[in-house]
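Asks: Give the three-dimensional model of this entry:
(one chain, ligands or ions: 1)
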Amino acid sequence: MAHARGHFTSRFGFLMAAAGSAIGLGNIWGFPTQAASNGGGAFVLAYFILAFLLAYPALMAELIIGRHSNANIVTALSTLSDRPLLRRVGGMVGYYGVLVVSLILSFYAIVAGWILAKFAAPLMQLLGFEAGAGWLAQSGLVRDLSACFVFSLMTVWIVARGVSQGIEAWSTRLMPTLAILLLALIVYVLNQPGAAEGLRVYLLPDFSRVLDPSLLLSAMGQAFFSLSLGVGTMLVYGSYLGRALSERDRQDKLPHIGATLTLLDTSFAFVAGLLIIPAMYVAQAQGIAIYGAAGELLAGPGLVLQVLPSLFDNMGNAGVWLAMTFFALMTIAALTSSISMLEAPVSVVTEKSGAPRTRVTMMIGGIIFLISAIIVMNFAALFDGVVSFTTEFSQPLLGLALCLFAGWVWHRDKKIQALAAQQGIERQGIFWRIWPFYVRIICPLLILVTFMQSLRV
Ligand code: TRP
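Replies: Predicted structure coming up:
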């Protein structure tokens, strides 16, 4: 390989980057509204259980394969086995993952663009550019395309700088900022009239719904999306752990690091709910409609792009600051996720072609922006389809494939066992006793069952 691989410089850096990938619009926007419309605390409970029972072992599969292979998803999966057929299948799964994550980025960047525009609008207003603020606040083809372009450019700029200088450096700056902004907003919102009602809807479980298949399905999809699973993002981040852990630590600490990551991601989603749901009921207390025509709680675009902005508008001067803070929070969350998505295809192409990272990043970023532009211009026809093809259909299937690869191909490899023994690494502890069987049999079955359900509903 012509170029030295990038790597994270410390465990903390890795944690911030991986948490940055996991914590995104899925946590701040997806999770709270799913919870509110799926039985409140019941969904929260199901989500926590599924995240640890199902998503955590799958996350470990990715981190372990990445750590072991020191490579991008395509190279990693096509070199796990000596058998030609398995190598070919591995390569194909890898390329499918890369395609899926590129498509996820293409719609994610559109949504992130809306949010970036909503951040820039109050900023312009504060600076006295009323006309600019008005243009930014209203959705339209040119605005959406320009905002998506600017967001994509930020993503490309960070990824082009490399793993430690770009991804790690920016994640360690942005993630703590994100936590502070979130806590500040929660304190403010919980002190407004109406917030208590929101807390009640969010936290009181409707236990009759805990075993509802559609609830479990949404919770699984949410967990896979939120932990960025199946597409090689976590795999390639795991492969950059090389120098951040000593040889011995790699075996011992990885399960612990993965668990910390799962906990960070789920807690962040939970805490974001303490902001979003009460904020909706604060809006209701001010006369803003928060239910749609069919009596359902407004989720998705309706929530973040209508309800919350109307709430901010109602709050006068404080509202301008609140809007700016809230959308800054969302932009940061989206950016640390989008860089992790772009890294997946970039790592494949740089390592396969040996071409310079900057050029590859710009090229791939450019292609993904073109796909975004096509989606923006044919929004009604394409957007929902791309979202369900990637997140509902492909991600669980790819997660399944990765569990099978980790459980059946990697873990049973005699050479690897011999190598581990040679280095004096004994795989002891509860994780190594349970995980191999679990990831080989239980995880794939659970994913499959839930997936079959989804084909029926
Ligand atoms: N997990 C992020 C979120 O919650 C999004 C994300 C980043 C992602 N990388 C991914 C989703 C890879 C799927 C696949 O918003």
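
Asks: Would you mind identifying the next helix or strand past whatever helix or strand Thr75 lives in?
Replies: Applying DSSP states H and E as the criterion places Thr75 in helix 73-79. Note on helix 73-79: by DSSP H and E, the next helix or strand toward the C-terminus is helix 84-127.

Asks: And that next one, what does it pack against?
Replies: On a contact count with 3 or more Cβ pairs under 8 Å, 6 or more residues apart in numbering; DSSP states H and E, helix 84-127 meets helix 25, helix 73-79, helix 130-137, helix 141-160, helix 316-353, helix 357-377, helix 379-387, helix 395-404. All C-beta atoms are positioned from the backbone trio N, CA, C, and that covers glycine.

Asks: Packing partners of the helix holding Thr75?
Replies: helix 56-69, helix 84-127, helix 233-239, helix 316-353.

Asks: Deepest-packed of these, please.
Replies: Ranked by average neighbour count under the criterion mean count of other Cβ atoms under 10 Å, the helices and strands packed on helix 73-79 are headed by helix 233-239 at a mean of 29.

Asks: Give me the distance from whichever helix or strand comes after that one to the chain's centre.
Replies: Sequence order places helix 247-285 as the next helix or strand after helix 233-239, per DSSP H and E. Centre-to-centre, helix 247-285 and its host chain are 11 Å apart (Cα atoms, centre = their mean, to the nearest Å).

Asks: try stretch 144-157
Replies: So, by Cα atoms, centre = their mean, the centroid of stretch 144-157 is 18 Å from its chain's centroid.

Asks: what does that stretch rub up against?
Replies: 105, 109-110, 112-114, 116-117, 120, 136, 166, 331, 334-335, 338-339, 342, 361-362, 365, 368-369, 372-373, 376 (Cβ atoms under 8 Å, 6 or more residues apart in numbering).

Asks: Could you do stretch 169-180 as well?
Replies: 12-13, 16-17, 19-20, 23, 158, 161, 329, 332-333, 335-336, 339.

Asks: Is any residue of that stretch near the ligand?
Replies: No: Stretch 169-180 stays clear of the ligand (Cβ under 6 Å from any ligand atom), getting no nearer than 12.1 Å.

Asks: Any chance of JSON lines for the helices and strands packed on helix 84-127, columns mean pLDDT and distance to Trp410?
Replies: Putting the helices and strands packed on helix 84-127 into JSON lines (pLDDT from 0 to 100; distance: least, Cβ to Cβ, whole Å) gives the following:
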{"stretch": "helix 25", "mean pLDDT": "93", "distance to Trp410": "32"}
{"stretch": "helix 73-79", "mean pLDDT": "95", "distance to Trp410": "10"}
{"stretch": "helix 130-137", "mean pLDDT": "91", "distance to Trp410": "49"}
{"stretch": "helix 141-160", "mean pLDDT": "97", "distance to Trp410": "28"}
{"stretch": "helix 316-353", "mean pLDDT": "95", "distance to Trp410": "19"}
{"stretch": "helix 357-377", "mean pLDDT": "98", "distance to Trp410": "28"}
{"stretch": "helix 379-387", "mean pLDDT": "94", "distance to Trp410": "31"}
{"stretch": "helix 395-404", "mean pLDDT": "93", "distance to Trp410": "10"}
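
Asks: Would you convert the ones you listed into CSV that also reports distance to Leu264?
Replies: CSV is the format used below for the helices and strands packed on helix 84-127 (distance: least, Cβ to Cβ, whole Å):
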stretch, distance to Leu264
helix 25, 16
helix 73-79, 23
helix 130-137, 32
helix 141-160, 21
helix 316-353, 12
helix 357-377, 27
helix 379-387, 25
helix 395-404, 19
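
Asks: just checking, next helix/strand downstream of the helix or strand bottoming out on mean pLDDT in the chain?
Replies: Least confident helix or strand of the chain, by mean pLDDT, DSSP states H and E, is helix 414-422 with a mean of 59. Downstream of helix 414-422, the first helix or strand assigned by DSSP H and E is helix 429-437.

Asks: Next secondary structure after that following helix?
Replies: Scanning onward from helix 429-437 (DSSP H and E), the first element met is helix 443-456.

Asks: Grab the nearest non-local neighbour of Val304.
Replies: Trp29 (5.6 Å; Cβ to Cβ, 6 or more residues apart in numbering).
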